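# Quick one: sequence plus predicted model below, questions after.
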Amino acid sequence: MQPILPKVTVVIPLYNAEDYIERTILSAANQTYANLQILVINDGSTDRSREIVEALCQEIPNLTIRSVANGGVARARNLGTELADDGYVAYLDADDLWHPTKIERQVAALSRHDGDPSWVACYAGFRKIWIDDTPIKDGIMPGTSGDFFAEHLLVNHVGNGSSLMVRRSVALEVGGFDPTFAERRIGGCEDRDMQLKILQKYKVECVPEYLVGYRIHRQGMSSNTAAMALGQIAVIESFLSDPRVDRSLRREALSAVHRSAFLKLWLAGERGRAVYSFLLNVRLDPFKGALRGMRRVSWLALGRMVYALWRVSGLLGAGAEKRKFMNLDPSRSLAMQAFRPDWVNDLAPSGPPAAMP
């Protein structure tokens, strides 16, 4: 007898994403996992997003939509969690993509811990993708699992809101996503706050593959770098009273978050706040703070230069469709796939070589 697969409800908060929502929903509908329900929470969209989803509901049997007045992404996710069936809830932002095996791999990873109720969630790796679904860069390849609350204070291992799958009962137990971040105009870090609340009590598994396409564009939440930076700081500060956070971890966590915030604030034109974060980082970590801060700027400049050269060189021309997120091997980095023989063949001139004169 085949084992009964746990129900997974995909919760998609939707607000004015008409350019992406169809691709996002199809990436959920095309999952290889069978016991799947897709729930779109239309958060007061004013563009064609609702009409697009309603049309898709006629074609996709396991897709439903619920429309509410605009209340922000946290409230939309929380409503979706409440409306979901028991089992797991997987969150997918309205402009991101999933590799077809994402949910299947996550359920399989958690099934290895059947009988141990402390394992309640799973995340996967991600690639940053451009508006046309081509990859920009890989995120951190996940390898950390278990009880990594302290490590998650220092480094955001999950990385974005479209990676986590969690037991519904646990999501409700920890209070879901905090809507006050958006109300304080420091939205964008509700995900990490939720993850840390889970890790305070439970263990989280990971799938070491790039299964999420995390879209970067000017309309995205992550494009508001100043709000993201301030949100990061607020999240970390809210967990420093945890009994497991000793003086050393407190200093390290504050140094790490202000080191990250410095660059975001600087790029957002918040120079005063950026300088404050830089100086605080140096004070907390005097031997490495300044060096690490400058190194982040250097790596950002280098990364932008390499990506610009990659685009201009024409590598995204011939055979570009093969390099879309969905067609990449999720188990291999972009660097490993960049020089595959079939890519080289795509770029080579077709037909027999010209005769020598």
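The structure has been received and is ready for your questions.
# Do you have the strands of the protein handy? List them.
8-14, 36-43, 63-68, 88-91, 97-98, 119-129, 135-138, 165-167, 203-215 (DSSP state E).
# Now the weakest link among these, please, by mean pLDDT.
Here the lowest mean pLDDT among the strands of the chain goes to strand 135-138, at a mean of 88.
# List the strands paired with that one, with their directions.
Sheet partners assigned to strand 135-138 using DSSP bridges are listed as strand 119-129 (antiparallel).
# Name the residues of stretch 125-140 that are buried.
Residues of stretch 125-140 classed as buried: Gly125, Phe126, Arg127, Lys128, Ile129, Trp130, Asp133, Thr134, Pro135, Ile136, Asp138, Gly139 (neighbour count, 16 or more other C-beta atoms under 10 Å). For the C-beta atoms, the positions are set from N, CA and C on the backbone; glycine is no exception.
# quick one: which of those residues is nearest to Gly71?
Phe126 (26.2 Å; C-beta to C-beta).
# Next, count neighbours for the residue lying closest to that closest one once chain neighbours are set aside.
Of all residues not flanking Phe126 in the chain, Val212 sits nearest, at 3.8 Å (C-beta to C-beta, 6 or more residues apart in numbering). Residues contacting Val212 under the criterion other C-beta atoms under 10 Å number 31.
# who touches Val212 in this structure?
Asp96, Leu97, Trp98, His99, Lys102, Ala124, Gly125, Phe126, Arg127, Asn160, Ser162, Ser163 (C-beta atoms under 8 Å, 6 or more residues apart in numbering).
# Would you mind giving those as a markdown table with distance to Ile198 added?
Converted to a markdown table, these look like this (distance: C-beta to C-beta, whole Å):
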| residue | distance to Ile198 |
| --- | --- |
| Asp96 | 20 |
| Leu97 | 24 |
| Trp98 | 20 |
| His99 | 23 |
| Lys102 | 19 |
| Ala124 | 16 |
| Gly125 | 18 |
| Phe126 | 18 |
| Arg127 | 24 |
| Asn160 | 16 |
| Ser162 | 16 |
| Ser163 | 13 |
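# from those, which single one is nearest Cys189?
Closest to Cys189, out of all of the contacts of Val212 and judged by C-beta to C-beta, is Asn160, at 10.9 Å.
# Model confidence for Leu279, exactly?
84.
# Can you tell me how far the residue nearest to Phe126 is from Gly125?
Val212 sits 7 Å away from Gly125, going by C-beta to C-beta, to the nearest Å.
# now swap in Gly176 and tell me
Taken as C-beta to C-beta, the span from Gly176 to Gly125 is 24 Å.
# Start and end of stretch 88-106, how far apart?
10 Å (C-alpha to C-alpha, to the nearest Å).
# any idea how far it is from the chain center?
10 Å (C-alpha atoms, centre = their mean, to the nearest Å).
# Could you give the number of residues near the closest residue to Val158 other than its chain neighbours?
Excluding its sequence neighbours, the residue lying closest to Val158 (C-beta to C-beta, 6+ apart) is Tyr123, at 4.5 Å. Tyr123 sits with 26 neighbouring residues when counted by other C-beta under 10 Å.
# give me the beta-bridge partners of Tyr123?
Cys206.
# likewise the one 4 residues further on?
Residues found in beta-bridge contact with Arg127 (criterion: DSSP bridges) are Asp138, Gly213.
# contacting residues around it?
Counted by C-beta under 8 Å, 6+ apart, Arg127 has contacts Pro135, Ile136, Lys137, Asp138, Gly139, Tyr210, Val212, Gly213, Tyr214, Phe325, Leu328, Leu334.
# Please verify my assumption that the last one contacts Asp138.
In other words, Leu334. Yes. Applying C-beta atoms under 8 Å, one finds Leu334 in contact with Asp138, separated by 5.3 Å.
# what's next to stretch 25-37, contact-wise?
Residues contacting stretch 25-37 (C-beta under 8 Å, 6+ apart): 5-10, 12, 38, 40, 53, 56, 60, 62-64, 84-85, 87, 92, 97-104, 107, 213, 326.
# Right, I'll call it a day here.
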